[in-house]
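[1] Take this sequence and fold it.
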Amino acid sequence: MEGPTLLLGDCESELRTRLGVAGAMPAWVRSGPWSTTDRLDPQPCLPRRLFRKGLSGPGKTISGMAQNFIGVDRDQAFLMPPSLQEWLPEGHLAWCLLDVVGEMDLSGFYARYRPDGWGRPPYEPSMMVALILYSYCKGQRSSRGIERECWEDVAYRVICANLTPDHVTINRFRSEHQDALAELFGQVLRLCAKAGMVNVGTIAVDGTRVAANASKAQTVDYEKLARTILEEAAEVDAPEDELYGDRRGDELPERLSTRWGRQEWLREAKRQLEQERAAEAQPVPRARAPRLREAKRRMDEELWVEQRANAAYEAWRAHGGRAFGKVTPYRPPDRPAGQINVTDPDSRIVQSRHGFIQGYTAQAVTTKDQIVICADVICGGNERMSLERLVDSTEHELERAGVGEGVEVALADAGFWNTDQIGRLTGRGIKTLVNPDSAGRKSPAETRQRKPHYVEMREQLASEEGKEHYSQRMVMIEPVFAHIKYNRRVDRFQRRGLAACRAEWKLIATTHNLLKLWRHGPLPIPG
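    All right, here's what the predicted structure looks like:
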């Protein structure tokens, strides 16, 4: 089909521009061999019409009418500087985050930089904080992915003011300020409290398995770990021996490594060791050789703790200590038992719904409005010792956020059952409801059928009040994990080590609360 019919009247302004005529058209133009209804070459009118052939083929016309579209000119330069305020609509998540960051205390970030301003200027910390918070809200945690979005996504460009930090800068900022980023959790929780979103009469406690940044195939026992260290040491020393011969005098090391009351002592010793490691957490080395040495050191340390605890138990019995039941002689092993992951020594093999994975247990405490008021990560999958600690941490976070309301009811599943901790929480006035029977078992164990505290808990859960409370547990916390792991695609930690994973999980919980705050409505007015 032919191109559009263009009238002389439509092109008169274009002809004036080409001929340099300011007034009326010259007579020779109007008295030419054409008339005002004849066809003209449409090329002079390209700025006002599209091409004859569009992106999908020849254009179509309606008989007796000329086509008229909005012009597309990608070579048009801006006459005035563009305004970032016009790039995103009001109420966009990016504007909300910028307002939130403007209300935050970021002194912990600025304290890491020189006060005299010497050296190469870094990116503004407030901009980097807003960038990381927005990217985590959108489910983008890869530093390279964040750098790519800073080039391609309009919202990222608004947050960065058209700056484009590279992925190394983003990753270094996230690593160096991991503690300060984790502390943002309390500040966001305070904003949620000011908005009236934190109602803590009833809380739900639960945990979910999150994969570690490590492969399950890299979990080895002590013998294989020692053999790997020796083999890699031999690979390093062989070229040096060939080059220097016997002049250095270095030799390869010799091959490495040529009942109820007692178990409770051993458990307590290992529990104290885990607490010391968590308190003195160090980043996992990036190089493989230091990671291997660290893994071996930890296994040796665990063996030493077991031997010391056993010696202390035997000394206690020798001085008149009485153990319940039959005492079976026990001798600790000569070399460390168990396995350890050489990529992330803090991670463990844990059971999830998709089988066994190398990972951690990420824990959270939520309210009825699905606001996360406490977040933590533990090694392994045993949560029996976590309930009281999580409730204590929750009360501490609420106190820091200025929430005067206390916890009245705590809900948890069977994995958190601990008779002593439930009794202590109940003595503090907190009604603690924990299902003593796991949903994965067809019937409760024999001991749980007849023990008085199990029977009492079943009676509480069977009452009308107990049913009303406990029926809210899954609604309060399971959607939080589903939203984080499936909607936001946070099913694997990006960093390694317990301390780094704890900081990352707190940052993830912070952005979850930020999304809740953004959907809730306008931010509370400061002061």
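
[2] Tell me how far residue 400 lies from residue 378.
    Distance, residue 400 to residue 378, using C-beta to C-beta, to the nearest Å: 22 Å. The way it works is simple: take the backbone N, C-alpha and C, and place the C-beta from them, glycine included.

[3] These two: which is more packed in?
    residue 378 (24 against 14; other C-beta atoms under 10 Å).

[4] what about the more buried one, distance to residue 354?
    For residue 378 relative to residue 354 (C-beta to C-beta), the value is 20 Å.

[5] Could you do residue 401 as well?
    In terms of C-beta to C-beta, residue 401 sits 35 Å off from residue 354.

[6] Those two: which has the busier surroundings?
    residue 401 (20 against 9).

[7] pretty sure that one contacts residue 193?
    Yes. Using C-beta atoms under 8 Å, residue 401 makes contact with residue 193 at a distance of 4.9 Å.

[8] May I ask which helix or strand of this structure has the lowest mean pLDDT?
    Ranked by mean pLDDT, DSSP states H and E, the weakest helix or strand in the chain is strand 53-54, scoring a mean of 40.

[9] all helices of the stretch 301-450 of the chain, in order?
    387-400, 419-427, 446-450 (DSSP state H, counting those that start in this stretch).

[10] Could you dump those into CSV with distance to residue 504 and mean pLDDT added?
    Output for the helices of the stretch 301-450 of the chain, formatted as CSV (distance: least, C-beta to C-beta, whole Å; pLDDT from 0 to 100):
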stretch, distance to residue 504, mean pLDDT
helix 387-400, 17, 93
helix 419-427, 27, 92
helix 446-450, 36, 59
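
[11] got the residue ranges for the strands in the stretch 401-527 of the chain?
    409-412, 431-434 (DSSP state E, counting those that start in this stretch).

[12] Who are the packing partners of the last one?
    In terms of contact count using 3 or more C-beta pairs under 8 Å, 6 or more residues apart in numbering; DSSP states H and E, strand 431-434 is assigned the packing partners strand 409-412, helix 419-427, helix 452-462, helix 464-470.

[13] Give me the residues contacting the second one.
    What that stands for is helix 419-427. Residues outside helix 419-427 that contact it (C-beta atoms under 8 Å, 6 or more residues apart in numbering): 385, 387, 388, 391, 410, 432, 434, 453, 457.

[14] again, but for the first one
    Taking C-beta under 8 Å, 6+ apart as the criterion, the residues outside strand 409-412 that touch it are 201-206, 387, 391, 425, 430-435, 469-470, 472-473, 476.

[15] let's see it at 7 Å
    Contact partners of strand 409-412, identified using C-beta atoms under 7 Å, 6 or more residues apart in numbering, comprise 201-206, 387, 391, 425, 430-434, 469-470, 472-473.

[16] buried subset of these?
    202-206, 387, 391, 425, 430-434, 469-470, 473 (16 or more other C-beta atoms under 10 Å).

[17] Closest to residue 373 out of those residues?
    Nearest to residue 373 out of these is residue 203 (C-beta to C-beta; 7.0 Å).

[18] By residue count, what's the longest strand in the protein?
    strand 355-366 (DSSP state E).

[19] Give the rounded mean pLDDT of it.
    Here strand 355-366 scores 92 as its mean pLDDT.

[20] Buried residues, it. List them.
    Neighbour counts using 16+ other C-beta under 10 Å place 357, 358, 359, 360, 361, 362, 363, 364, 365, 366 of strand 355-366 among the buried residues.

[21] my guess is the fifth one contacts residue 381, does it?
    Pointing back at residue 361 there. Yes. In this structure, residue 361 is within contact of residue 381 by C-beta atoms under 7 Å, at 5.4 Å.

[22] in this protein, which ranges drop under the pLDDT threshold?
    1-65, 220-283, 285-286, 288, 291-338, 439-450, 522-527 (pLDDT under 70).

[23] Show me how it divides into domains.
    Following the assignment in automatic domain parsing, the chain carries domains at 1-76, 85-175, 199-214+348-520, 216-247+256-341.

[24] Keeping just the C-alphas, turn stretch 192-212 into CSV.
    Extracted as CSV, the C-alpha positions of stretch 192-212 are listed here (Å, rounded to 0.1, in the frame of the first residue of the first chain):
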residue,chain,number,x,y,z
CYS,A,192,7.2,0.7,61.9
ALA,A,193,6.3,1.3,65.6
LYS,A,194,5.7,5.0,65.0
ALA,A,195,3.4,4.1,62.1
GLY,A,196,1.4,1.9,64.5
MET,A,197,2.3,-1.4,62.8
VAL,A,198,3.9,-3.2,65.7
ASN,A,199,1.4,-5.0,67.9
VAL,A,200,3.3,-7.5,70.1
GLY,A,201,0.6,-9.0,72.3
THR,A,202,1.1,-12.4,70.5
ILE,A,203,4.3,-13.4,68.7
ALA,A,204,5.2,-16.4,66.6
VAL,A,205,8.7,-18.0,66.6
ASP,A,206,9.9,-20.2,63.8
GLY,A,207,12.9,-21.1,61.7
THR,A,208,13.6,-22.0,58.1
ARG,A,209,16.5,-23.7,56.3
VAL,A,210,18.5,-21.4,54.0
ALA,A,211,21.3,-22.8,51.9
ALA,A,212,24.8,-21.7,52.5
